[in-house]
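**Q** predicted model and sequence below, questions to follow.
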Amino acid sequence: MKNVPYKAPNFNLPDDTGTMHSLADYSGKWVVLYFYPKDETAGCTVEACSMRDARDDLAALGAEIVGVSKDDASSHEKFKAHHSLNFTLLTDNDHAVMDSYGAWGKKQFGMEGTLRKTFIIDPNGQVVKEYGRVTPMGHGEKVISDLKLLQKS
């Protein structure tokens, strides 16, 4: 992990409708950018639902949630519908953005893959909080609490 704050790496990735999203689209807003391994898996579903449940509180704090995995648009569309997810999911099929955020690497048993990480990016495009090895249960509540503290300082 890098020492915060640092400039957030840019991204340009499609959502489930094919619309491209870049970091610049969120200029002037707080962003909760989280990387997760796979749609519809147990831990990823718990984490996504935690973020869904936190969304209104995060929106009231001026923050947007953006989830990123290697899954394709069709998978994201089904995942969002199945769990009533109320935020953007992006596809990073070549894991280039994951690499730039340090969210791709060695996992259990030496296999490479998506590392469960979350980043809070301030309105100036600086990463001000980084979570490594995220615990999915209650993660949204933790992000709300930390964002409130960051906004006070």
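**A** Arrived safely.
**Q** kindly list the longest helix within this structure.
**A** When the chain is parsed with DSSP state H, its longest helix is helix 42-60.
**Q** show residues contacting it.
**A** The contact list for helix 42-60 (C-beta atoms under 8 Å, 6 or more residues apart in numbering) reads 30, 32, 34, 36-38, 64-65, 67, 69, 79, 83-87, 116, 134, 136-141, 143-144, 147. Where you see a C-beta, it was placed from the backbone N, CA and C, and this is true even at glycine.
**Q** okay, and the residue nearest to the spatial centre of the chain sits in which element?
**A** The centroid of the chain falls nearest to Tyr34 when counting by C-alpha atoms, centre = their mean (1.6 Å). Using DSSP states H and E, Tyr34 maps to strand 30-35.
**Q** specify the angle between that strand and helix 42-60 in degrees.
**A** In terms of direction (axes from the mean of the first three to the mean of the last three C-alpha atoms, to 10 degrees), strand 30-35 departs from helix 42-60 by 170 degrees.
**Q** give the other helices and strands that strand 30-35 contacts.
**A** helix 42-60, strand 63-69, helix 96-101, strand 117-121, helix 139-152 (3 or more C-beta pairs under 8 Å, 6 or more residues apart in numbering; DSSP states H and E).
**Q** for the first one, buried residues please.
**A** It stands for helix 42-60. Buried positions in helix 42-60, judged by neighbour count with 16 or more other C-beta atoms under 10 Å: Cys44, Thr45, Glu47, Ala48, Cys49, Ser50, Met51, Arg52, Ala54, Arg55, Asp57, Leu58.
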